[in-house]
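# Need the 3D shape of this:
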Amino acid sequence: MRLVVATSWDDALLRGLAGMPVYAVFGKLQQDLVGGGRPSNILPPVDWEQMTRHIGLAHDLGFRFNYLWNATSLGDAEYNPAYVHDMQEQLRRLVDIGVDGLVVGLPWMIGLAKRVARELEVTVSSLIDVVTPREAQQFEGMGADAIVLHHAANRDFGVLEEIRASVRCDLELIVNNSCVYQCPYNNCHHVSPSFHSRAGSVPLLEYELFWCAGRHARDGAEIIRSRWIRPEDLHAYEAVGYDRFKIAGRGRSTAWLLRAAQAYAGRAYPGDLTDIISMSQHAPLRLARRRAAEGDGSHAAEWAAIAADLEPIAGLAIDNSLIPPNFIDFFTAHDCTTLSCRRCGYCEQVARKAVRGVQTWARDAAPRMPAAEMFGDLRLERPDASA
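Just a heads-up that it's a prediction; the model follows:
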């Protein structure tokens, strides 16, 4: 087992990970030239000097460090030679301070990174949505050293086996993602943080999260359908050739990240699985409550209605002791891409036993979303790196 763990930029995290099977830790500046897959307001503030010291400690403890350039759009800035030159200069600076790997969100960045520093391990981000053998082969052909598969493939064992047999490069699976399975907002949600994590941007809470939160609040089966991997089920992935597992949570505390890492390193977590699953769905509820409480805007009533709709999220829990011990075996024999939830019902059955706080319905229910004129209310404050 090799764990790839998000960093909180707290040296206590690195020391706490010592002794666990950690291959690498990963992170990025709150804002930088390229941007990435998370809005800057949720990321811990850190400057270049702090980052350099943190990477040095990671190396002292035997961990590699991967920096994220996983923006999936640059708004065509890549057509500006001056911008590309600045990217190359930033990458040289990252290499100089000890970065071992670069996680990229655009295919052409693979070649750019290899030209600047051939020794870098270049990893294809999950945000590129690799879910087929052919896609994996093409990225390997471009020079990628590793690929983080999109979480949608996590329980499609036929595809996982064929991808593993099709490429020689390293493959990585995200173990604790809670996104809605086959979410209609998947692609646009990948793009939006790319812009509000770049230097000079305004941080926002992505409106796409309201769909995710609303689906989870309205149907307890939705969290079971999400493609997280239980610590107890890692063996099923190792059996088909996967041993590199990513623990997401760059906006989480040191204590939270250590708990998640310990659970996966120990291959068991007997409590509430939402303690170690990313669960970004809580953020829309907090914002809706705050906007409704402000009461002085033209949208207070709409925010109050959304907050009421999302309220079950506050109590959502998954009792892992009530999930069947052979839970993952069902997916080794069933293909969720061709079998509808209406005909199957397996996740619903598990949810009725293991999910607390949200009623489980045998139907899809479109959640309440903020109207376009409310998007201005999604602006947030960014923590100050100098504070």
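# Strands of the protein, residue ranges please.
2-6, 22-27, 64-69, 101-104, 121-124, 146-148, 170-174, 244-247, 317-318, 355-356 (DSSP state E).
# between the ones you listed, which one is nearest to Y269?
strand 317-318 (10.1 Å; Cβ to Cβ). C-betas here are computed from N, CA, C, even on glycine.
# contact partners of that closest one?
Around strand 317-318, the neighbours that count as contacts under Cβ atoms under 8 Å, 6 or more residues apart in numbering are I223, I224, D272, L273, T274, I277, A354, V355, R356, G357.
# Could you save the strands of the chain as CSV and add columns showing mean pLDDT and distance to M87?
Compiled in CSV, those are given as follows (pLDDT from 0 to 100; distance: least, Cβ to Cβ, whole Å):
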stretch, mean pLDDT, distance to M87
strand 2-6, 98, 23
strand 22-27, 98, 18
strand 64-69, 97, 8
strand 101-104, 98, 11
strand 121-124, 98, 14
strand 146-148, 98, 20
strand 170-174, 98, 24
strand 244-247, 98, 24
strand 317-318, 98, 41
strand 355-356, 96, 44
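# Ok, which of these comes nearest L258?
Nearest of the strands of the chain (Cβ to Cβ): strand 2-6, 9.1 Å.
# In its sheet, which strands sit next to that closest one, and in what direction?
Neighbouring strands of strand 2-6 in its sheet, by DSSP bridges, are strand 22-27 (parallel), strand 244-247 (parallel).
# Between these, which one is closest to G200.
Nearest to G200, of all the strands paired with strand 2-6, is strand 22-27, at 20.4 Å by Cβ to Cβ.
# tell me the contacts of the nearest residue to V34 once chain neighbours are set aside?
Nearest non-adjacent residue to V34, counting by Cβ to Cβ, 6 or more residues apart in numbering: W69, 4.6 Å away. The contact partners of W69, by Cβ under 8 Å, 6+ apart, come to K28, V34, G36, L102, V103, V104, G105, M109.
# Repeat that for H282.
Contacts of H282 (Cβ under 8 Å, 6+ apart): A213, I313, A314.
# Could you report the pLDDT at it?
At H282, the model reports a pLDDT of 92.
# The one 4 residues further on now?
What the model reports as pLDDT for R286 is 94.
# what's the distance between it and D47?
Applying Cβ to Cβ, to the nearest Å, the value for R286 to D47 is 27 Å.
# ditto for R38
18 Å.
# Tell me which of those two has more neighbours.
Between R38 and D47, counted using other Cβ atoms under 10 Å, R38 has the larger neighbour count: 23 against 12.
# Check the more buried one and give its pLDDT.
On the pLDDT scale, R38 is placed at 79.
# which residues touch D219?
Contact analysis of D219 by Cβ under 8 Å, 6+ apart lists V358, Q359, T360, W361, R363, D364, A365.
# Kindly reformat those residues as a markdown table containing neighbour count and distance to N176.
A markdown table is the format used below for the contacts of D219 (neighbours: other Cβ atoms under 10 Å; distance: Cβ to Cβ, whole Å):
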| residue | neighbour count | distance to N176 |
| --- | --- | --- |
| V358 | 22 | 19 |
| Q359 | 13 | 24 |
| T360 | 20 | 22 |
| W361 | 14 | 25 |
| R363 | 10 | 27 |
| D364 | 11 | 24 |
| A365 | 12 | 25 |
